[in-house]
Structure formats: C-alpha cells, structure tokens
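1. Predicted model and sequence below, questions to follow.
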Amino acid sequence: MVLQKPLLFARELISRSLKAGGCAVDATSGNGHDTVFLAEVVGRTGSVLAFDIQPQAIAATRQRLAASGLLERVSVIEDSHAKMAAYSQTTFDAAMFNLGYLPQADHAIVTKPESTVAALDFATKQLNKGGIITILVYTGHEGGREEWEKVREFSLALPQQQFTVLEYRLINQKNNPPFLLAISRL
C-alpha cells in the first residue's frame, strides 16, 4: 500500500460521502480542479456551489468547467467563502477548502483565519449527517500558520457526539507540505 498525498486522500474521502444527485461546496475554487471533481461526482442531478474572491480564479474555474461540459451543475460565485449563507441555505454532503493562495497568482492574496473559520462554522451547520468537509492546509506562506491555529481551535471545539475530526499529514516531507483536516458529521 502506498500512502496518498493529502489532496488525493481528501478526494477519496469526498467520494465516500458525496453521491450522484448530492450537493457540494468548493469553498475556494482556485483554478477549478476541485470544482470539476465535485461536479463530476454529483452527476447530472446534483449541484455545486464554488466560491473564490479573485476574478482570475473565477474565470479559470468557469473555463475548466465549460471545457468539461459541467458548467450547468455549478454556481460559480465571486465572493468570500465566509458569505456562503447569503447564497444558499441548502444543506450539503461535502465541502472542500484549499487554503492559502492561488498558484501562479498574487501570493499576497491568501485565505484569512476570520473568513475561513466563519465559512467552516456555516459549513458544519449545513453539513448533512454522513457528510464531510475537507480542508487542505498550507502553512508555508505569510499568515498560513496563524490561519491553521484558528482552524484547529475551531475543529477542536466541535462536539465529538456530532463530529469526527481527522488530521492527516506526511511528516517526513520538506518545505511545509500541505496536510489535510477532515470533519465528518455523525
């Protein structure tokens, strides 16, 4: 058996909880890779909400979805993930967060502790039983460690009667590799 990198493990966990016809959220759409993955999993009868604050990310996500013939399944929203509640009160089966900055873009524009924790607070309330939230955490950039500390505080406070929280990381990798936090609703 080969241990998976955190992103691949996140997708495996999502695939176990999210089925055709389900609803999912990509809280940080970035270049659209996770959005396409979620749209494929929910199938023709499912739906995805994808958020990002950067016009470049929104354009890349829409382009990737269109190229895959999946645009009709996704509402792509140029706004902060912290404002999810303004766009939908629907419950969902899965959410993906990919913290940090948009690759090949301005590295000064990063996810922030306040908006990420606000988004996670809403997401945990809207998550269906058996659903999962995956958070790919990067700590190697300015503010990354502080964001992780706030996300960890939030996760530690979740009641164990309702949620299971997993931390998955490869510990012999160099240069602050990403790691995964997964929150599952019981």
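-> Sure thing, it's come through.
2. check which helix or strand covers residue 147.
-> Residue 147 is located in helix 144-156, with elements delineated by DSSP states H and E.
3. how deep is residue 7 tucked in, by neighbour count?
-> When neighbours are defined as other CB atoms under 10 Å, residue 7 has 17 of them. In short, each C-beta sits where N, CA and C put it, glycine included.
4. Would you agree it falls within a helix?
-> Yes - with DSSP: H, G, I helix; E, B strand; the rest coil as the criterion, residue 7 is part of a helix.
5. now it, nearest residue through space, not along the chain?
-> residue 136 (5.9 Å; CB to CB, 6 or more residues apart in numbering).
6. Assumed the one you found was part of a strand.
-> Yes - counting by three-state DSSP, residue 136 is part of a strand.
7. Residue 99 is in contact with that one, correct?
-> Yes - counting by CB atoms under 8 Å, residue 136 touches residue 99, with 6.4 Å between them.
8. Please identify which of those two sits among more neighbours.
-> Neighbours around residue 136 and residue 99, counted as other CB under 10 Å, are more numerous at residue 99. The numbers are 24 against 20.
9. Pull the contacting residues for the more buried one.
-> When the contact criterion is CB atoms under 8 Å, 6 or more residues apart in numbering, the partners of residue 99 are 28, 110, 111, 116, 135, 136, 137, 138, 144, 147, 148, 151.
10. Apart from its chain neighbours, what residue comes closest to the second one?
-> Read it as residue 110. Distances taken as CB to CB, 6+ apart place residue 101 nearest to residue 110, at 4.7 Å, with adjacent residues excluded.
11. any idea of the mean pLDDT in stretch 165-173?
-> Model confidence over stretch 165-173, given as mean pLDDT, is 94.
12. And the pLDDT for residue 1?
-> The score at residue 1 is 75. That number is its pLDDT.
13. Quick one: low-confidence residue ranges for the chain.
-> Counting by pLDDT under 70, the chain contains no low-confidence residues.
14. now the strands for it?
-> Under the criterion DSSP state E, strands of the chain are mapped to 23-26, 47-52, 74-78, 92-98, 127-137, 163-168, 179-185.
15. List of residues touching stretch 149-164?
-> Surrounding stretch 149-164, the residues in contact under the criterion CB under 8 Å, 6+ apart are 99, 113-114, 116-117, 120-121, 124, 135, 137, 165, 181, 183-186.
16. and the residue nearest to residue 78 when sequence neighbours are not counted, what does it touch?
-> The spatial neighbour of residue 78 that comes closest, neighbours along the chain excluded (CB to CB, 6+ apart), is residue 58 at 4.7 Å. Contacts here follow CB under 8 Å, 6+ apart; on that basis residue 58 touches 29, 52, 76, 78.
17. which residues touch the second one?
-> Put plainly, it is residue 52. The contact partners of residue 52, by CB under 8 Å, 6+ apart, come to 28, 29, 30, 58, 61, 77, 78, 102.
18. What is the nearest of those to residue 87?
-> Using CB to CB, residue 77 is the member of those that sits closest to residue 87, with 5.8 Å.
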